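> what follows is a predicted structure for the sequence shown.
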Amino acid sequence: MRLATWNVNSIRSRADRVAAFLQRHDVDVLALQETKCRDDQFPEMVFNAIGYEVAHVGHSQWNGVAVLSRIGIEDVEIGFDGMPSWSAKDGVDPAAEARALGATCGGVRVWSLYVPNGRTLADPHLQYKLEWLAALRTTVAGWLEADPQAPIALVGDWNIAPEDDDVWDMSVFTHSTHVSPPERAAFRAVVDSGFADVVRPYAPGPGVYTYWDYTQLRFPRREGMRIDFVLGSPAFAGRVTGALIDREERKGKGASDHAPVIVDLE
DNA sequence: ATGTCGGGTGTTACCCGA
């Protein structure tokens, strides 16, 4: 089984590219983040035509997560238990943001996650991000307590660079989110509750990234960040035979600012 | 091989988020 995750930065502007990616890499299950569309706008037919079923949640032009699978999609869940809602605070949208979708594909529980961006260290969105991650940790720890043998993958854009090597120059980030101690602690808490980064052993740094800002020639200068992760429960991690960050997908016209991350399971 | 891109709208010029 081949599983991938990709922050596509709008599925409508990149559906054909995503379809080509699925076929080129022979991917079975793909988790998407930042689809940036409502459910009725998702170009589902493009993927149905090449054999994939789609589960998606999107409420507006922001956020949006999906799971595409050609090996079945069962027990789709929108949001996780206890997931905090930013919208409840600003009153714009009574629904929770579209940042988490779970589905069981080929016996593996896959969660496509788009962790909130903290924006700046002083912004209330950073607190929201930390609360969101704390709630996630509590919930996923409960899943493992209930079934230690469950194959679960928490995949997506975590908006955190957990190690100094996960950014090109730490001095640039001294007053930035993504690398702050509370964010790193929140990420580590998920890892410590039993979900290992299954990609890093196959794609060690330094200089290995999943995201490059569109501005400042970040990609050609190889100035990126590793912020997209596949975290696997013990039963999931034990089946991983390889992993790859497909840097090629960041190249050329019409690229997302993130590269897809691919994991092979036996 | 590239000095941003998506989305949106009070739409062809700006706004916001990342």
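Nice, I can see it. What you are looking at is a predicted structure, and each value in this text was computed from that prediction instead of being measured.

> what about the closest residue to DNA strand B within chain A, how many neighbours?
At 2.6 Å from DNA strand B, residue A:220 is the closest residue in chain A, using C-beta to the nearest atom of the strand. For glycine as for every other residue, the C-beta is placed from the backbone atoms N, C-alpha and C. If you count neighbours by other C-beta atoms under 10 Å, residue A:220 ends up with 9.

> hmm, residue A:110 is touching residue A:28, no?
No - counting by C-beta atoms under 8 Å, residue A:110 does not reach residue A:28; the two are 10.4 Å apart.

> more neighbours: these two, which one.
Set residue A:110 next to residue A:28 and count neighbours by other C-beta under 10 Å: residue A:110 wins out with 28 against 21.

> got the phi/psi numbers for the more buried one?
phi -110, psi 130 (degrees, to the nearest 10).

> so the spatially closest residue to it that is not a sequence neighbour bridges to which residues?
Distances taken as C-beta to C-beta, 6 or more residues apart in numbering place residue A:153 nearest to residue A:110, at 5.1 Å, with adjacent residues excluded. Under DSSP bridges, the beta-bridge partners of residue A:153 are residue A:110, residue A:232.

> you'd agree residue A:153 is up against residue A:230?
Yes - contact criterion C-beta under 8 Å: residue A:153 and residue A:230 qualify, at 5.9 Å.

> next, show the common contact partners of those two.
By C-beta atoms under 8 Å, 6 or more residues apart in numbering, residue A:153 and residue A:230 have these common neighbours: A:3, A:263.

> picking that back up, burial measure for the residue nearest to residue A:110, as a count.
Neighbours around residue A:153, by other C-beta under 10 Å: 27.

> same question for the one 10 residues further on.
The number of residues packed around residue A:163, counting by other C-beta under 10 Å, is 15.
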